[in-house]
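Engineer: sequence below, structure please.
(one chain, ligands or ions: 1)
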Amino acid sequence: MSNPVYLALDLPRLDAAIALAQKVRGHIGGVKLGLEFFCAHGHHGVHEVAKLGLPVFLDLKLHDIPNTVAAAMQSIHVLEPAIVTIHAAGGRAMMEDAKAAAGEHCKVVAVTVLTSLDDDDLAGVGVPGGAHDQALRLADLAQEAGLDGIVCSGHEVGAIHKRWKNGFFVVPGLRPDTGHTADQKRIVTPAAARRDGASVLVIGRPISRAEDPVAAARAIEATL
Ligand SMILES: O=c1ccn([C@@H]2O[C@H](COP(=O)(O)O)[C@@H](O)[C@H]2O)c(=O)[nH]1
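Structural biologist: Sure, this is the predicted structure:
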């Protein structure tokens, strides 16, 4: 079985990001490039990271009208990402058009509820039912739209997996211990997320900000 850990390369410098990935590559299955990376380094940065030969996950969380999202998907074809994210809150038509515009070999997954939000945050933006119900509702919509899977927290992945047996589930908000949650609110351990059905485990700061990133990545791998 391949390593489910995708390292989030949320670092401001391209050379530092590549050096980190190079260092821990024996203990991860791929790299995740998000907004911070893409806004700073664009296509050039993705091409440079791709030279490492690891699968590239473009976490761009696209969210706009269907035509704009489909055009953005076409513009990133050339980067040959293994996985791309969009927001499920963009609605069914947006998700359908994004999937249709994606390359054959690219998984399109929809973010349900960000792991940095809790029930109070959702109530604050007019979603009264809580993160769990909202994640399940948006996962159902993503499945109806023909996506490959969704992004959710480890709190919901078990329940969503039961409803969508062959779905592809990306789980961020992972902490090997409860010490440094930072801005994440719905966290679980990597082992718990994997046990409950996560296909991909997204891990950033617990590795990238560790005193010894290789030891941190190795320790996480040993728990899986
Ligand atoms: O709901 C979400 C969706 C995406 N992310 C991204 O995952 C990593 C997590 O980084 P950590 O340092 O391990 O907290 C980061 O790139 C986010 O943009 C998420 O956390 N939650």
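
Engineer: can you get me a residue count around the closest residue to the ligand within the chain?
Structural biologist: With CB to the nearest ligand atom, the shortest gap between the chain and the ligand falls at G204, namely 2.7 Å. All C-beta spots, glycine's among them, are computed from the backbone N, C-alpha and C. Residues near G204, counting by other CB atoms under 10 Å, number 20.

Engineer: so the most centrally placed residue in the chain is in which element?
Structural biologist: In the chain, the centroid-proximal residue (CA atoms, centre = their mean) is V170; its distance is 5.3 Å. When elements are assigned from DSSP states H and E, V170 belongs to strand 168-171.

Engineer: which stretches of this structure aren't confidently modelled?
Structural biologist: Flagging of the chain using pLDDT under 70 yields the residue ranges 1, 178.

Engineer: for it, what lies in contact range of the ligand?
Structural biologist: 8, 10, 34, 59, 111, 114-115, 151, 172-173, 184, 202-206 (CB under 6 Å from any ligand atom).

Engineer: the lengthiest strand in the chain packs against which elements?
Structural biologist: As assigned by DSSP state E, the longest strand anywhere in the chain is strand 56-62. Packing partners of strand 56-62 (3 or more CB pairs under 8 Å, 6 or more residues apart in numbering; DSSP states H and E): strand 30-33, helix 35-50, helix 66-76, strand 83-87, strand 200-203.
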